[in-house]
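Novice: here are the coordinates; sequence isn't available:
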């Protein structure tokens, strides 16, 4: 089951042991994109992924992260993203999750 969330730039979404931080939101000739930081409680460091709307990042042992939309930052306001997360059997409840296979 997919759950949908809106997160502002510099904000984060937490689900169980998984944290998704919105580090940057931009737009270029290819359209809008976001730089996200993915981490799991107890991990030594976060993994940074760049995603465009429609991209899916597979989180091995966790589920999938789909970027639905990106609103780039402007001088007047922070950007934001719309995300969908899918977690089979609430896999993020544990702490032994490996983000090594995540890709953007």
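Specialist: Looks like it came in fine. Please read these numbers as outputs of a predicted model, since none were measured by experiment.

Novice: Enumerate the beta-bridge partners assigned to the residue nearest the centre of the chain.
Specialist: Closest residue to the average C-alpha location of the chain: residue 20 at 4.6 Å, with CA atoms, centre = their mean. For residue 20, the beta-bridge assignment (DSSP bridges) gives partners residue 13, residue 38.

Novice: Tell me which residues touch it, please.
Specialist: 7, 12, 13, 14, 36, 37, 38, 65, 83, 85 (CB atoms under 8 Å, 6 or more residues apart in numbering). Bear in mind the C-beta positions are built from the backbone N, C-alpha and C, glycine included.

Novice: Report the separation between the second one and residue 18.
Specialist: Which is residue 12. Note on residue 12: its distance to residue 18, by CB to CB, to the nearest Å, is 10 Å.

Novice: of these two, who's got more company?
Specialist: Just comparing residue 12 and residue 18: by other CB atoms under 10 Å the higher neighbour count belongs to residue 18, 23 against 14.

Novice: Just confirm the more buried one contacts residue 62, I think it does.
Specialist: Yes. Applying CB atoms under 8 Å, one finds residue 18 in contact with residue 62, separated by 6.1 Å.

Novice: how about the strands of the protein, start to end?
Specialist: Counting by DSSP state E, one finds strands in the chain at the ranges 2-8, 12-15, 18-28, 31-40, 47-51, 56-59, 63-71, 80-86.

Novice: Switch the ones you listed over to CSV; also include mean pLDDT.
Specialist: CSV is the format used below for the strands of the chain (pLDDT from 0 to 100):
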stretch, mean pLDDT
strand 2-8, 93
strand 12-15, 90
strand 18-28, 95
strand 31-40, 94
strand 47-51, 96
strand 56-59, 90
strand 63-71, 95
strand 80-86, 95
